[in-house]
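[1] The following comprises the amino acid sequence and a computationally predicted model.
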Amino acid sequence: SLLGLCEQHKPVQAQVEKMSSSAQGKVVRSFYRMVIRAAKQHDSFPALKGILASQRTRGYDHENQVWVNWEDSGGSKEAAIAASYFSELNGGGVFYLPEVSAAKIARTAFRRPCESEEDFDMHLDAATKAIRILEQNLTKGKKMGVMERETEADNALRKYDLVPYKSPQAGCVLLAHPLLQQRALTRSVILVVQHDEESSFGLAINRRVPLTIGNVLDSYESDLNRELSTKVRDGLSVFRDNVVFKGGDVALEFLSILHPYPQLQGAEKVAEGLYWKCDLGHAKELVESGEAEADKFKFLLGHARWGPGQLQGEVEMKTWQVAGR
């Protein structure tokens, strides 16, 4: 390792013993102190680690519906080693996890065994690159003001420590990582209504839009309005005051309904006390008879959909936290 090689590699061990009293040994110890100091600063400010996202190493091939590993772009071995440190910092995913200590990872990295003198030199170069990345990130954080005070981002990231399910399932809730900057998914809370080996289907339940069902029915411009049959329009008439939510960016002409009424025709159970879909004519009858309340129905335009294995892969990359049903 950078602080002490394995005993079985005697030639290298002899070199390290020699270095311990030399200028080179002082350089190694200096490197160690620099890395630990920068790592501790990152541990002190969650927002700092937040902007230190790892590069993605794989992506989802939508055409073939499989995850594919991205080939190395020709970077050096030293860069790959340094990148592995930051991947560990993010729990093997792309985004920061609060329970992972940067200082602990740095200490472990400096004690990893090296196989040869060349390996030793390569790890030393990797440490140099890691220091450069951490220092650049500190500079970036200072310019952004994240080190001047405890920010809202710090508070949010410190609290982001839910214990996830091992894998998503129908009825679970997906919480987008606070640092996910994808317009359609930022800060989304998604209810998974269907999940199997072939696909996953979810609805964002926290993205209210400035519309009511009445607005939709009165607007002849909307895609949804053109899709509505006379029967559906009649069924929706008792829900004119219900607000509309944006369930996702896929199929915005698709209207989903969540409700707590198992007796409704066409209702599909998502979780205990929660159902998806219904016959709108039957729903209207129950509301008019007082057997159901209109404000207990939630209407969502569009949805989120994942291909085979896609959602599981995104969960493994820490894009989503999976909360209980």
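    Ah, there it is. Because the structure is a prediction, the values reported are computed rather than measured. Numbers count the residues shown, from 1 in each chain.
[2] could you list every residue that touches residue 265?
    Going by Cβ atoms under 8 Å, 6 or more residues apart in numbering, residue 265 touches 278, 279, 282. (Each C-beta comes from the backbone N, C-alpha and C, glycine too.)
[3] switch to 10 Å and redo it
    277, 278, 279, 280, 281, 282, 283, 285, 286 (Cβ atoms under 10 Å, 6 or more residues apart in numbering).
[4] so is it in a helix, a strand, or just coil?
    Under DSSP: H, G, I helix; E, B strand; the rest coil, residue 265 falls in the coil class.
[5] Before we move on, what's the pLDDT of it?
    pLDDT for residue 265: 94.
[6] again with residue 110
    71.
[7] that older thread, pull out the buried members of the contacts of residue 265.
    277, 278, 280, 282, 283, 285, 286 (16 or more other Cβ atoms under 10 Å).
[8] Could you check how many residues crowd around the nearest residue to residue 62 once chain neighbours are set aside?
    Among residues not flanking residue 62 along the chain, residue 307 sits closest, at 6.4 Å (Cβ to Cβ, 6 or more residues apart in numbering). Per other Cβ atoms under 10 Å, the neighbour tally for residue 307 reads 18.
[9] still on that earlier bit, now for the contacts of residue 265, which pair is the farthest apart?
    Greatest spacing in those, by Cβ to Cβ: 277 and 285 (16.3 Å).
[10] circling back to that earlier point, the residue nearest to residue 62 contacts residue 65, correct?
    Yes - at 4.3 Å, residue 307 counts as touching residue 65 under the criterion of Cβ atoms under 10 Å.
[11] any shared contact partners between the two?
    Counting by Cβ under 10 Å, 6+ apart, the residues touching both residue 307 and residue 65 are 198, 199.
[12] what about residue 201, which SS state?
    State at residue 201, reduced to three classes by three-state DSSP: strand.
[13] Not counting sequence-adjacent ones, nearest residue to it?
    Residue nearest to residue 201 in three dimensions, not counting chain neighbours: residue 194, with 4.0 Å by Cβ to Cβ, 6+ apart.
[14] Tell me the helix or strand right after the worst-scoring helix or strand of the chain on mean pLDDT.
    Using mean pLDDT, DSSP states H and E, helix 10-19 stands out as the lowest-scoring helix or strand of the chain, at a mean of 46. Next along the chain after helix 10-19, taking DSSP states H and E as the criterion, comes helix 23-44.
[15] Check which helices and strands the helix or strand following that following helix is in contact with.
    With elements assigned by DSSP H and E, the helix or strand that comes after helix 23-44 is helix 46-50. Contact here means 3 or more Cβ pairs under 10 Å, 6 or more residues apart in numbering; DSSP states H and E; on that basis helix 46-50 packs against helix 23-44, helix 117-144, helix 152-158.
[16] which other helices and strands contact the first one?
    Read it as helix 23-44. In terms of contacts (3+ Cβ pairs under 10 Å, 6+ apart), helix 23-44 is packed against helix 10-19, helix 46-50, helix 77-89, helix 102-110, helix 117-144.
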